[in-house]
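Visitor: My questions are about this predicted structure, shown below with the sequence.
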Amino acid sequence: MAKQDLEFNKNEDAMKLAVGKLRRKLEAIYLGGGEKKIEKQHQKGKLTARERVDLLIDKDSYFFEIGAFAGDGMYEEYGGAPAAGVITGIGVVEGRQCMIVANDATVKAGAWFPITGKKNLRAQEIAMENRIPLIYLVDSAGVFLPLQDEIFPDKEHFGRIFRNNAIISSRGIPQIAAIMGSCVAGGAYLPIMSDESLIVNGTGSIFLAGPYLVKAAIGETTDKETLGGATTQSEISGVTDYKVENDQECLEKIRDLVSKMGAFPKAGFDRDEAKKPKKNPSDIYGIFPEAATKPYETSELLKCIVDESKLTYYKKDYGKTIICAYARIDGWAVGIVANNRMVVKNKKGEMQFGGVIYSDSADKATRFIMNCNQKRIPLVFLHDVTGFMVGTRSEHGGIIKDGAKMVNAVSNSTVPKFSIVMGNSYGAGNYAMCGKAYDPRLIVAWPTAKIAVMGGTQAAKVLAQIQVQSLKSKGEEPDAAKEKELFDAVKDRYDKQTSAYYAASRIWVDAIIDPLETRKVISTGIQMADNGEVEKFNVGVIQT
């Protein structure tokens, strides 16, 4: 067997193992609070959050879940918070894309952890940017009180959700809320600030203060149904708009309401007949290297993703450490900006490291991004970048200036941007390639992604050396074994913090996906973005 085939097979095995790990972790997350809690939910006559979502969306349609790993590895002292206790994602309801937010009552009765608030705000942000309806399936005990100081008062905390309710409504984006369980205290404002609300008889309740708090506050004795059950809120107070008898009827009513909604004018992104790649998409597994430092043919990887494996390269022989190309993905016209991981020669015949952004590649990418904005073509960024080139020659050549041009163009870009973090995404390279801070409509990671200021080995060397110097300043002389121990400890911690799972748990990325889902995710995102608006592009001041 040829060496190339051996390398391909080795890469393929490593990626399959990574995808297998991803699926196993997702299966555990999908259980929410566990089988006993699920059974308890059923005994109350209630469906689980995931069962509700499955019934709500069109049969056999694609549901792109956002934030499944939110909270992963966090709040362990409280028993954990799988998926942050809420399911969010883009689903098709009556043929129309909607953002769905469903509280998972099997996780701490659907209580809100700090990361739950962040996840809900991200869902609202996506809905606002793309003008897609929001459907809230409410079943929550409210703020998780032991952590109230981390979720209640700040700008990006709990209260921002109700502010967004008002803003979304003012923009004419429909919001439907179904009270399918508890809805208490400040959380009661969410469904009532939505455009229409439903409540399930017998299991749904909504009030500012529950019976115990009412008793403590004013001495009144009451029960949950009398205080804020379905009959009270639909027949006496008029707070809710529709009273339904069970979860199934509630979800069917929502589908009926969505079926009658009007639509916004389309943004007009170009779409042709979708065609499969000529190159086998599964070849991604063998092309992408097991080791993050190894070069590979990025252009061959792109051919596994784009329609007919056809790429129209922009400035192909200039700035070679970034590939810029026009293509189609599932029929949608896109502009691709991808880090080229091959070692290449520049126009002067000098060798350039793959995955590093040089002045010429930053200049090329800047011009390409501006062209895509001029032509209203959505942008897709594929990250495998170690950063911008450093050193005397690069500084004398104005790398900061050229890097700033690219960051400026990305920042001011008004066409939809989508980021796929395939491998490394380090330092300012993350910024230039449209990291989370630069408002991608969606940002997803492969299981192989690493997001950090710099690579684990480099960071560990720096941090370990600082610790060694600190010990020496105290009169200690660490031997080689001690220095290695310090290095390994720092590297292990740093590697954990750079992993795709660490990023996803904090919603630095919207999802971790099997690389074979890349086409579907991008297509779903552009279809969603086609409901939004595209503002006039103005790049601002750029140093020449």
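Guide: Great, that's in hand. Given the structure is predicted, the values throughout are model-derived calculations rather than measurements. Numbering: from 1, shown residues only.

Visitor: same for the helix or strand containing Asn371, what does it pack against?
Guide: Using DSSP states H and E, Asn371 maps to helix 359-374. Counting contacts by 3 or more Cβ pairs under 8 Å, 6 or more residues apart in numbering; DSSP states H and E, helix 359-374 packs against strand 322-329, strand 332-339, helix 399-412. For every residue, glycine as well, the C-beta is placed using N, CA and C.

Visitor: Which SSE is immediately downstream of that helix?
Guide: Reading on from helix 359-374 to the C-terminus, the next helix or strand found by DSSP H and E is strand 379-385.

Visitor: And the contacts of that next one?
Guide: 298, 302, 329, 334-339, 341, 355-357, 369, 372, 413, 415-426, 429-430, 432-435, 440, 449, 522 (Cβ atoms under 8 Å, 6 or more residues apart in numbering).

Visitor: now the angle between strand 332-339 and that strand, please.
Guide: Computed by axes from the mean of the first three to the mean of the last three Cα atoms, to 10 degrees, the angle separating strand 379-385 from strand 332-339 equals 20 degrees.

Visitor: Given the helix or strand that strand 379-385 is followed by, what are its sheet partners and their directions?
Guide: From strand 379-385 onward toward the C-terminus, using DSSP H and E, the following helix or strand is strand 387-388. According to DSSP bridges, strand 387-388 forms sheet pairs with strand 356-357 (parallel).

Visitor: from the chain's centre, how far out does the partner strand sit?
Guide: Mean C-alpha position of strand 356-357 versus that of the full chain (Cα atoms, centre = their mean, to the nearest Å) differs by 25 Å.

Visitor: could you give the mean pLDDT of that strand?
Guide: Averaged over strand 356-357, pLDDT sits at 94.

Visitor: Repeat that for stretch 127-138.
Guide: Stretch 127-138 comes out with an average pLDDT of 97.

Visitor: Start and end of it, how far apart?
Guide: Using Cα to Cα, to the nearest Å, the end-to-end distance of stretch 127-138 comes out at 17 Å.

Visitor: Return the set of buried residues in it.
Guide: Ala127, Met128, Glu129, Asn130, Arg131, Ile132, Pro133, Leu134, Ile135, Tyr136, Leu137, Val138 (16 or more other Cβ atoms under 10 Å).

Visitor: Now distance to Asn120 and secondary structure too, for those, in JSON lines please.
Guide: Compiled in JSON lines, those are given as follows (distance: Cβ to Cβ, whole Å; DSSP: H, G, I helix; E, B strand; the rest coil):
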{"residue": "Ala127", "distance to Asn120": "11", "secondary structure": "helix"}
{"residue": "Met128", "distance to Asn120": "13", "secondary structure": "helix"}
{"residue": "Glu129", "distance to Asn120": "15", "secondary structure": "helix"}
{"residue": "Asn130", "distance to Asn120": "16", "secondary structure": "helix"}
{"residue": "Arg131", "distance to Asn120": "18", "secondary structure": "coil"}
{"residue": "Ile132", "distance to Asn120": "15", "secondary structure": "coil"}
{"residue": "Pro133", "distance to Asn120": "16", "secondary structure": "coil"}
{"residue": "Leu134", "distance to Asn120": "10", "secondary structure": "strand"}
{"residue": "Ile135", "distance to Asn120": "13", "secondary structure": "strand"}
{"residue": "Tyr136", "distance to Asn120": "9", "secondary structure": "strand"}
{"residue": "Leu137", "distance to Asn120": "12", "secondary structure": "strand"}
{"residue": "Val138", "distance to Asn120": "11", "secondary structure": "strand"}
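
Visitor: can you tell me which of the residues you listed lies nearest to Gly110?
Guide: For those, the residue nearest Gly110 by Cβ to Cβ is Val138; the value is 8.3 Å.

Visitor: Wait, that closest one touches Ala177, no?
Guide: Yes: judged on Cβ atoms under 8 Å, Val138 makes contact with Ala177 at a distance of 5.9 Å.

Visitor: Mind listing the shared neighbours of the two?
Guide: In contact with both Val138 and Ala177: Leu190, Pro191, using Cβ under 8 Å, 6+ apart.

Visitor: The helices and strands packed on helix 359-374: which one's closest to Phe487?
Guide: Proximity to Phe487 (Cβ to Cβ) singles out strand 332-339 among the helices and strands packed on helix 359-374, at 27.9 Å.

Visitor: now the closest one against strand 322-329, angle please.
Guide: 160 degrees.

Visitor: Just the CA coordinates for strand 332-339, please, in CSV.
Guide: C-alpha atoms of strand 332-339 as CSV (Å, rounded to 0.1, in the frame of the first residue of the first chain):
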residue,chain,number,x,y,z
TRP,A,332,-26.5,28.3,-3.1
ALA,A,333,-23.8,30.6,-4.5
VAL,A,334,-21.1,31.2,-1.8
GLY,A,335,-17.7,32.9,-1.5
ILE,A,336,-15.3,30.6,0.3
VAL,A,337,-12.4,31.8,2.5
ALA,A,338,-10.3,28.9,3.7
ASN,A,339,-6.9,28.5,5.2
